[in-house]
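Student: coords below, sequence missing:
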């Protein structure tokens, strides 16, 4: 697919949306994040695949960016903008301070840049908890704010990504703005299992599919791992024994993480605080936490996607990301409805394009 839709990525993080949209035929001309490790990750992967073109990656505070500067630096007209401002202030896992948290106010910086860049459309992603904070007032206010005085028709849809072949339960809300005045319909699920996780057709993707062929991880970041980021924590015997005693789906009350069930999607990948603390869930068959790379697989990052940094740096990039495969599916949906393209790839086409081989067998 030829990349023709000039796209700007804001709050790009570890590159989930950037990768998904690039694979779906969008031309990334600019990416930005405030985190230096995330920016290096984006640079690490440029030109690795034909659809990953080299473009400007700027490590910057969005409050200091202007649309005029972005256009001047890229020399291109912007057609679409993608991004998800930090979600911790709205997450059900956090303290839900919303706009009282400085990170919450970055939503309005994102809106400001939309106005200045004047694209044909945009995508704004955040946690589903955003819909209920402040009694729903924030959600209603956002719909109005993102419309930019009626310039954009804004549609908001909540998705459970496991319903789209992602091996993880992860619920998010996506605001899509279109300058042509049309509402964007909701995507139809591809992998729902309403009655059973073991349906013959369209069943959920599972942790077992993702982790079945992973090599043994190392436990020292000073050594070269078999796959980028495949470095585990060194557990004491006490923790090993405790993890061993857990049954699939049971929570460890000390670390507050769950033992994964190989026949189900993973629980949501946990990010941690700004100071660290992000960790994987407990491996379904081994008495240890999954590695950052195993968490990246659960998020559908292909193994060739190279993350910058060590443990806590990578898990924050992974945990904050939109699963690239889901991002690619949503990008196809947007391409059809905003850009009127008939060249739309299927779920299995995108698996092949992203080289997510560990999910290519079966349904």
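Tutor: Happy to help now that I have it. Note that this is a predicted model, so its numbers are computed, not measured.
Student: C-alpha only now, for contacts and for neighbours.
Tutor: Fine.
Student: which stretches of the stretch 51-200 of the chain have low pLDDT?
Tutor: 87-104, 193-200 (pLDDT under 70).
Student: Quick one: the helices in it, in order.
Tutor: 67-74, 106-117, 137-146 (DSSP state H, counting those that start in this stretch).
Student: What lies in contact with the longest one?
Tutor: This points to helix 106-117. Residues outside helix 106-117 that contact it (Cα atoms under 8 Å, 6 or more residues apart in numbering): 10, 62-63, 65-68, 71, 78, 81, 85-86, 122, 145-146, 148.
Student: Are any of the residues you listed buried, and if so which?
Tutor: 10, 62, 65, 67, 71, 78, 81, 85-86, 122, 145-146, 148 (16 or more other Cα atoms under 10 Å).
Student: In the residues you listed, find the pair that's most separated.
Tutor: Greatest spatial distance among the buried ones among the contacts of helix 106-117 (Cα to Cα): 71 and 86, at 24.0 Å.
Student: Could you check how far residue 332 is from residue 326?
Tutor: 10 Å (Cα to Cα, to the nearest Å).
Student: Next: residue 298.
Tutor: 12 Å.
Student: shared neighbours, those two?
Tutor: residue 166.
Student: measure stretch 149-157 end to end?
Tutor: 21 Å.
Student: buried ones in that stretch?
Tutor: 152-156.
Student: for these, which one is nearest residue 35?
Tutor: residue 156 (27.6 Å).
Student: Apart from its chain neighbours, what residue comes closest to the closest one?
Tutor: Nearest non-adjacent residue to residue 156, counting by Cα to Cα, 6 or more residues apart in numbering: residue 175, 4.3 Å away.
Student: next one: residue 24
Tutor: Nearest non-adjacent residue to residue 24, counting by Cα to Cα, 6+ apart: residue 328, 5.5 Å away.
Student: Could you confirm the one you found falls within a strand?
Tutor: No: counting by DSSP: H, G, I helix; E, B strand; the rest coil, residue 328 is not part of a strand but helix.
Student: count of neighbours near residue 346?
Tutor: Look at residue 346: counted by other Cα atoms under 10 Å, it has 12 neighbours.
Student: give the contact list for it.
Tutor: residue 329.
Student: From residue 302, how far off is residue 192?
Tutor: For residue 192, the distance to residue 302 - Cα to Cα - is 23 Å.
Student: what does residue 182 give?
Tutor: 34 Å.
Student: of those two, who's got more company?
Tutor: Taking other Cα under 10 Å, residue 182 and residue 302 do not tie; residue 302 has more neighbours (20 against 14).
Student: Kindly list the main-chain dihedrals of the more buried one?
Tutor: phi -70, psi 160 (degrees, to the nearest 10).
Student: same thing with residue 258?
Tutor: phi -110, psi 150.
Student: what's the spacing between the closest residue to it other than its chain neighbours and residue 292?
Tutor: Counting by Cα to Cα, 6+ apart, residue 258 lies nearest to residue 251, which is 4.1 Å off, once chain neighbours are set aside. Distance, residue 251 to residue 292, by Cα to Cα: 19 Å.
Student: who's more crowded, these two?
Tutor: Neighbours were counted for residue 251 and for residue 292 using other Cα under 10 Å; residue 292 has more, 30 against 17.
Student: right, and the more buried one touches residue 313 too?
Tutor: No: using Cα atoms under 8 Å, residue 292 makes no contact with residue 313, being 9.3 Å away.
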